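Colleague: I would like to see how this sequence folds:
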Amino acid sequence: MPIWNPWHGCHKLSAGCKNCYVYRLDAKYEKDSSIITKTGNFNLPIKKTRTKEYKLQTKEIVYTCFTSDFFVEEADDWRIDAWNMISARSDLHFLIITKRIDRFLVNLPWDWEDGYDNVTICCTCENQDRADYRLPILLQLPIKHKQIICEPLLEEIDLSTYLNSSIEGVTVGGESGEEARICNYDWVLYIRSQCMKKKIPFHFKQTGAKFVKDNKLYMIKRIDQLSQAKKANIDI
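Modeller: As a prediction, this is how the structure comes out:
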């Protein structure tokens, strides 16, 4: 899975950030996750070999900025160069997940117009409050490829108002880690039913560590959370 992390670090913004995996991993090395810094891979998309070919060659999706938020404030100036690299590599498809969809327009490239063909923007909403705040913004923005991610899913969420033809998919998942909060299978199925009615693709990514099904709590090891979700066989 190709990953490009141009910068690292973030600020906790909402309920979904409480047990952030970046903070959890950084804590092992006594690193302050709230300090945002450029990484050594900042220029990864345009790095070339001695034969002048791009080092990053893939037909897979490039998962972008997974140890930060692409739209975090401290990266505003860096993002100009990041957008330029994304534009230059039109042969790659970049997937960006954000909790800061309200900052999307800050330093947007001049040639963005109605969006780049090679960029998918995924807006996260972990509860109804964040869905009602972020998703109306997402729907109004000039983005060609839009998705919704409910992870960690912290409660029952009604997305039906926001599931129109511009949404290309919805992904749902529970929370990992020792301090994980409960994910209820009924919440997962509720979102799935909304997607079915609107004929929008649905993906159940992972159960999380504390998974409730039929009123029974299951403690699921990290290594099994993806496979257990897959076994549910409820993707659309």
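
Colleague: lowest-confidence helix or strand of this protein?
Modeller: Least confident helix or strand, the chain: helix 21-27 with a mean of 92, by mean pLDDT, DSSP states H and E.

Colleague: Alpha carbons of it, as CSV, please.
Modeller: Provided in CSV are the C-alpha atoms of helix 21-27 (Å, rounded to 0.1, in the frame of the first residue of the first chain):
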residue,chain,number,x,y,z
TYR,A,21,-3.3,6.2,16.7
VAL,A,22,-0.6,8.7,15.7
TYR,A,23,-0.5,10.0,19.3
ARG,A,24,-0.5,6.4,20.5
LEU,A,25,2.4,5.3,18.3
ASP,A,26,4.4,8.5,18.9
ALA,A,27,4.1,8.1,22.7
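
Colleague: hey, what's the residue positioned nearest the centre of the chain bridged with?
Modeller: With distances taken as Cα atoms, centre = their mean, residue 97 lies nearest the centre of the chain, 2.9 Å away. Note on residue 97: beta-bridge partners by DSSP bridges are residue 122.

Colleague: Tell me who's in contact with it.
Modeller: Residues near residue 97 by Cβ atoms under 8 Å, 6 or more residues apart in numbering: 65, 66, 122, 124, 149. Every C-beta, even on glycine, is put in place using the N, C-alpha and C of the backbone.

Colleague: how about CSV for the residues you listed, with neighbour count, pLDDT and secondary structure added?
Modeller: Compiled in CSV, those are given as follows (neighbours: other Cβ atoms under 10 Å; pLDDT from 0 to 100; DSSP: H, G, I helix; E, B strand; the rest coil):
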residue, neighbour count, pLDDT, secondary structure
65, 25, 98, coil
66, 17, 97, coil
122, 20, 98, strand
124, 24, 98, strand
149, 22, 98, strand
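
Colleague: of all those residues, which comes closest to residue 91?
Modeller: residue 65 (19.4 Å; Cβ to Cβ).

Colleague: List the contacts of the closest one.
Modeller: Here residue 65 is in contact with 4, 5, 6, 7, 96, 97 (Cβ under 8 Å, 6+ apart).

Colleague: can you count the residues close to the nearest residue to the third one once chain neighbours are set aside?
Modeller: Nearest non-adjacent residue to residue 6, counting by Cβ to Cβ, 6 or more residues apart in numbering: residue 42, 4.8 Å away. Taking other Cβ atoms under 10 Å as the neighbour definition, residue 42 ends up with a count of 18.

Colleague: Same question for residue 102.
Modeller: A total of 15 residues lie near residue 102 under the criterion other Cβ under 10 Å.

Colleague: same check, this time on residue 18
Modeller: The local packing of residue 18 (other Cβ under 10 Å) involves 16 other residues.

Colleague: What distance do you get for it to residue 153?
Modeller: Per Cβ to Cβ, to the nearest Å, residue 18 is found 13 Å from residue 153.

Colleague: is it true that residue 48 touches residue 55?
Modeller: Yes: if you go by Cβ atoms under 8 Å, residue 48 and residue 55 touch, sitting 6.4 Å apart.

Colleague: In TSV, list the contacts of residue 97 along with distance to residue 169.
Modeller: Converted to TSV, those look like this (distance: Cβ to Cβ, whole Å):
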residue	distance to residue 169
65	19
66	18
122	9
124	13
149	9
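
Colleague: Let me know the closest of the residues you listed to residue 78.
Modeller: Set against residue 78, the nearest of these by Cβ to Cβ is residue 65 (10.5 Å).

Colleague: Distance check, the closest one against residue 11.
Modeller: Here the criterion is Cβ to Cβ. By it, residue 65 lies 14 Å from residue 11.

Colleague: Show me which positions of stretch 166-184 end up buried.
Modeller: Of the residues in stretch 166-184, 167, 169-177, 180-184 count as buried by neighbour count, 16 or more other Cβ atoms under 10 Å.

Colleague: Understood, closing this out.
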